[in-house]
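3D, please:
(2 chains)
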Amino acid sequence: MGYTKDQLLARLQELKIDFTCYDHPVVLTVEEQAKHVGDLGGALSKNLLLKDKKHRLYVISALAGTKVDMKILSQRLGLGKGGLRMAPEENLLEVLQVPLGCVTPFALINESASAVSLLLDQGFKSKQICYFHPLTNDVTIALSSSNLDKFLISIGKQPAYVDLEAAPAVGKDNPPDLAHLVPSGVPNSSEQPVENTALTIVPHHQNNVPKETEVKAKPKVQSKGAETSSKADKPTTNTSVDKFVNDVFDIISPLFLSETLKKLDIKKEELSSILDDVRGRADPDLKSIAMTLKNASYTNGFHAGFKTMLHRGLDG
Amino acid sequence: MAAAEQGVDAARKEEEEEEEQVVNPWEVSAGKGGIDYDKLVDQFGCQRIDDALVGRIARLTGRPPHCFLRRGLFFAHRDLNELLDLYEKGEKFYLYTGRGPSSEALHLGHLIPFMFTKYLQEAFKVPLVIQLTDDEKFLWKNLTIQESKRLARENAKDIIACGFDIERTFIFSDFSFVGGAFYENMMQVARCVTMNKAIGIFGFNLEDHIGKVSFPPVQAVPSFPSSFPHLFAGKDQLRCLIPCAVDQDPYFRMTRDVAPRIGYQKPSLIESRFFPALQGENTKMSASDANSAIYVTDSAKEIKTKVNKYAFSGGQDSIELHRKLGANLDVDVPIKYLNFFLEDDDELAHIKKEYKEGRMLTGEVKQRLIAVLSEIVARHQRARSQVTEEMVDAFMAVRPLPNMFG
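Just a heads-up that it's a prediction; the model follows:
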């Protein structure tokens, strides 16, 4: 089961983290939250749970006033354009184990959220006090960003602060600048290399489902490798007409080139170019006769099989 | 499948009676100036294929796009982008095309969808089902069942000669194949289409016999993989792409309308323009007028005569005038034919330029066309001569195709 608010607050006290706690009625939006704590001088946060096409989850925690462009963020993470979506409600309940409207960095205390990547707004650093929900949305806790960092480090997460409003160009010469924040230990995929240094799996928690599959994943990949190498030794029937015609040219061309160059006074490039032309022009006819041969062979085999079945049954 | 076949006289009458163009599986007639394809696309509600889409196909298949795509002969589609999205993600599809075997005399216009489908099969490495609607021809023409079936087999030979891969191709005739799961799907479709709708889509009337009215489901259900349990068992959601001439669109509008209602995916379409008759855009290529088209049985000499004598020229009446004014490429039939059949983009551009500016004469253009067409027809005839009855049996056998996506 997920941590309760009280368990979380107890943990914060254990860690000697300074925070202030405000009770209020349940709020589902930042606007509503603002009605209760907005005038107290701290910075409200808006928290989004996003999901990419490979089902990896991201908590984006930003100042309420920061503009978050999901398209740009997606590119900066190396997910392409439109690679990020709002995660469905089930992820909130199952992974973060918080109610609707309660996405918060603190949810990462839960085991189930160990594979979730957290992106924090750089803007938090310049605020004295920031407001977050502590696993329920009838309470708001206020603390400094350095105290938030203390908490995150205690649960094995490296705080990652990002200028969320920046929009750097992403392309061949500019690799995605946030790619290191993409989670690596995803339960479903077994072939992702562990590149992510920002996230570390907490060793002392039980029931570490993602970790188990990660461990299982490595041997899987290795045995797959062994399988494919042995498969490569087995001959496979290749009935591709394209390949056949290319093979024929590959036999004739070098022979023709070498013999002709011996006898005629002509530049190699010129002869090659003529040969390419010939190749292009002969291609449709060669493919046509190769296909005819293939179809005729199949036909003979088909009828032979049919007659065999007819006379001797399946045993042949 | 019915290629639009209307006698040249009837077409002219229609033209005179109404400026409106008529395009449906049994009738194609243009207003003045030929078929207005923009209007047709608007009217039917399909999309145009643009350069981006052609480029996308080239990238996905790793080879240059077919001539017919580059030159805009296949110019419209429905849901082709969606199909390509899925293909990019690794989801396959199958091809479905067909022919209404009304005569043994096949001309180049008939071959075009098959030539294009062969390219699609090779490029995407997907299987293909080919339907021969011998039942349709029996219902619409004055043929016996035996004759319809015979024509189906004869046409199958020409289709096979286009170079389809027997490991990925299933050819069937309705009289032989309808039944089982195919028939069940037909009934599902039939139950979803009212008389009113059928009359609206296909132009039936109360004097038409009920055979005609009940035919459309037959042409609709090859779009559904469950119609072919020997091929696609367990793949009920496999997508289908239908290359066809744009006059077949009504069948598939109906199919696409019904599909979600019976839990199936809508087929995607890729549609071609009409191929002009030798005498010009406003005439239809007709099996009854031997000089309106190049037939696959024509000798090199016959091709030469037909092109020289009957191909409508956009050149001027005299050499002097021609050198001065150049040719009208919009109506010149040899240029239109070269547009479809001359592979080399650079050579085509050169010919067009020289001809338009009066430096090249009609005779030279026709000569080039004769060479191109002769090559195509000769290749077809050679392949055709090698198609045996046994090969037709094998293509038409209800057999599994284990290598169909290989």
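
Neighbours of residue B:84, how many?
Other residues near residue B:84 come to 20 when the count uses other C-beta atoms under 10 Å in any protein chain shown. Glycine gets a C-beta too; all of them are placed from N, C-alpha and C.

Tell me if I'm right that it and residue B:58 touch.
No. Applying C-beta atoms under 8 Å, one finds residue B:84 not in contact with residue B:58, separated by 11.3 Å.

So residue B:249 is in contact with residue B:271, correct?
Yes. Using C-beta under 8 Å, residue B:249 is in contact with residue B:271, at 6.5 Å.

residues shared between the contacts of the two?
When contacts are counted by C-beta atoms under 8 Å, 6 or more residues apart in numbering or on different chains, residue B:249 and residue B:271 have residue B:46 as shared neighbours.

Show me what from the stretch 1-150 of chain B comes close to chain A.
Proximity of the stretch 1-150 of chain B to chain A is confined to residue B:122 under the rule C-beta under 8 Å from any C-beta of the partner chain.

would you list every one of the helices in the stretch 1-150 of chain B?
Secondary structure of the stretch 1-150 of chain B by DSSP state H, counting those that start in this stretch: the helices cover B:8-17, B:37-44, B:51-61, B:67-70, B:80-88, B:108-124, B:134-140, B:145-160.

of those, which approaches residue B:225 most closely?
helix B:80-88 (13.9 Å; C-beta to C-beta).

Could I get the average pLDDT for the closest one?
Mean pLDDT, computed over helix B:80-88, is 96.

And chain A, what are its domain boundaries?
In terms of domains, chain A is parsed into A:5-188, A:240-315 (source: the TED database).

Which of those sits closest to chain B?
Taking C-beta to the nearest C-beta, domain A:240-315 is the member of these nearest to chain B, at 4.3 Å.

Show the average pLDDT along the closest one.
In the prediction, domain A:240-315 has an average pLDDT of 90.

low-confidence ranges in the stretch 101-250 of chain A?
Counting by pLDDT under 70, the stretch 101-250 of chain A has low-confidence residues at A:185-236.

Quick one: the strands in it, in order.
With strands called from DSSP state E, counting those that start in this stretch, the stretch 101-250 of chain A shows them at A:117-121, A:130-132, A:139-143, A:161-162.

Indicate which one of these is closest to residue B:208.
Where the strands of the stretch 101-250 of chain A are weighed against each other on C-beta to C-beta, the nearest is strand A:117-121, at 65.6 Å.

got a list of contacts for the closest one?
For strand A:117-121, contacts defined as C-beta under 8 Å, 6+ apart pick out A:45, A:56-63, A:66, A:73, A:105, A:108, A:145, A:148, A:152, A:157, A:159-162, A:164, A:178, A:181-183, A:196, A:198-199.

So in that sheet, which strands flank it, and in what orientation?
The partner list of strand A:117-121 in its sheet, established with DSSP bridges, is strand A:57-63 (parallel), strand A:161-162 (parallel).

Could you say which of those is packed most deeply?
Mean neighbour count, computed with mean count of other C-beta atoms under 10 Å in any protein chain shown, is highest for strand A:57-63 among these, reaching a mean of 22.

What is the stretch of helix or strand residue B:375 belongs to packed up against?
Taking DSSP states H and E as the criterion, residue B:375 maps to helix B:362-385. The criterion is 3 or more C-beta pairs under 8 Å, 6 or more residues apart in numbering or on different chains; DSSP states H and E, and the helices and strands that helix B:362-385 contacts are helix A:268-312, helix B:108-124, helix B:145-160, helix B:300-310, helix B:333-341, helix B:345-356.

and these as TSV, adding distance to residue B:24 and mean neighbour count?
Converted to TSV, these look like this (distance: least, C-beta to C-beta, whole Å; neighbours: other C-beta atoms under 10 Å in any protein chain shown):
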stretch	distance to residue B:24	mean neighbour count
helix A:268-312	35	14
helix B:108-124	17	22
helix B:145-160	22	20
helix B:300-310	28	16
helix B:333-341	24	22
helix B:345-356	33	15
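
In chain B, which residue is most central in space?
When C-alpha atoms, centre = their mean is applied to chain B, the residue found nearest the centroid is residue B:113 (3.4 Å).

quick one: that one and residue B:247 touch, right?
No. Between residue B:113 and residue B:247 there is no contact under C-beta under 8 Å: 11.3 Å.

before we move on, back to that, show me what the helix holding residue B:375 is in contact with.
A:284-285, A:288-289, A:291-292, B:108, B:111, B:157-158, B:160-163, B:294, B:296-298, B:300, B:303-304, B:307-308, B:311, B:313-315, B:322, B:327, B:332, B:334-335, B:337-338, B:341-342, B:351, B:355.
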